[in-house]
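Engineer: Provide a 3D model corresponding to the input given below.
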Amino acid sequence: MRAYIRRAVVPAVVLSVVLLTGCGGSDSDEGAAPEKSAAAEAAVDEPAQEPSKEVHTPIPGPNVGIGGRVTFSAGETDEHGENYKETTKMDVRVSDVKYLTPAELDDVKALTLTEFDTTKEPKHGQYLTLTLMLKNVGDAPAKITTYGMMKWQDADHAAQDATTLDSVGGPSLDRTYAPGQSVTGALVLDVAAKGGTVSYYRTNDPSEEPAFIVTLPSEAPWIRRSW
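Structural biologist: Alright, predicted model coming up:
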């Protein structure tokens, strides 16, 4: 009976040791951190590239000086004021430029107008008259509007509206020109200084590109003080 008990106890002890050894190995495996693959370590997050934004740079229109002539396009929109398209061509000739004080401008008005208000001091600093000849050289009517569409600038001043409601008489340039028709008229502009440029912008043209640019003189003999 004793021999049987001794043989049964020995295998039980061995089994206990094996079980304890196995449990110890399992705890060690659970606590270990997972290994990272070489591909995961090599991967680098790169910032997403934003699509490039197209920047629109207006293209200057033809430049013209006193006595010069250039051709520019004219167009129109649909009945909703949208979908601008070029429809015809216009010629512009710069006939004259004169810088005037308010008193000199009043003298000109007295010669050409029956009634007028006394000219106020210029808002920007200097009055000038710009005499242009416009002619429709295309095949379709062209509506021209200069008020609010003439901008002056120079190296020291940003572009600014130069139009005024003053007039020295004569035909108005703002009208619809049938093919072949032309008008010569003078605009009274208010600019910050002598010289610089005056640009004409087409009404409703979404490109915001000047149709033509007039280079203004800053010295005599183009500047004339009397009429």
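Engineer: flag the shaky bits of this structure, pLDDT-wise.
Structural biologist: 1-60, 114-115, 220-227 (pLDDT under 70).
Engineer: please save the CA atoms from stretch 169-177 in PDB.
Structural biologist: C-alpha atoms of stretch 169-177 as PDB (Å, rounded to 0.1, in the frame of the first residue of the first chain):
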ATOM      1  CA  GLY A 169     -19.400 121.500 -73.500                       C
ATOM      2  CA  GLY A 170     -19.300 119.800 -76.800                       C
ATOM      3  CA  PRO A 171     -20.500 116.200 -77.700                       C
ATOM      4  CA  SER A 172     -20.500 113.600 -75.000                       C
ATOM      5  CA  LEU A 173     -18.400 110.500 -75.500                       C
ATOM      6  CA  ASP A 174     -20.900 108.400 -73.600                       C
ATOM      7  CA  ARG A 175     -23.300 107.000 -76.200                       C
ATOM      8  CA  THR A 176     -23.900 104.000 -78.500                       C
ATOM      9  CA  TYR A 177     -21.800 104.100 -81.700                       C
END
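Engineer: mind listing what's buried in stretch 163-172?
Structural biologist: Buried residues in stretch 163-172, counted by 16 or more other C-beta atoms under 10 Å: 163, 164, 166, 167, 168. Quick note: C-beta positions are derived from backbone N, CA and C, even for glycine.
Engineer: start to end distance for it?
Structural biologist: 13 Å (C-alpha to C-alpha, to the nearest Å).
Engineer: so residue 76 bridges to which residues?
Structural biologist: residue 85 (DSSP bridges).
Engineer: surely it and residue 144 touch.
Structural biologist: No - assessed by C-beta atoms under 8 Å, residue 76 is found out of contact with residue 144, at 11.3 Å.
Engineer: tell me which stretches of the protein form helices.
Structural biologist: For the chain, the helices defined by DSSP state H occupy 2-31, 38-42, 102-112.
Engineer: got the contact list for the last one?
Structural biologist: So that's helix 102-112. Applying C-beta atoms under 8 Å, 6 or more residues apart in numbering, the contact partners of helix 102-112 are 100, 116, 118-122, 127, 129, 166-170, 188, 225-227.
Engineer: how much space between residue 89 and residue 186?
Structural biologist: Distance of residue 89 to residue 186, computed by C-beta to C-beta, to the nearest Å: 23 Å.
Engineer: how about the buried residues of stretch 163-172 in TSV, adding distance to residue 70?
Structural biologist: Putting the buried residues of stretch 163-172 into TSV (distance: C-beta to C-beta, whole Å) gives the following:
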residue	distance to residue 70
163	20
164	24
166	26
167	25
168	24
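Engineer: neighbours of residue 192, just the number please.
Structural biologist: 19 (other C-beta atoms under 10 Å).
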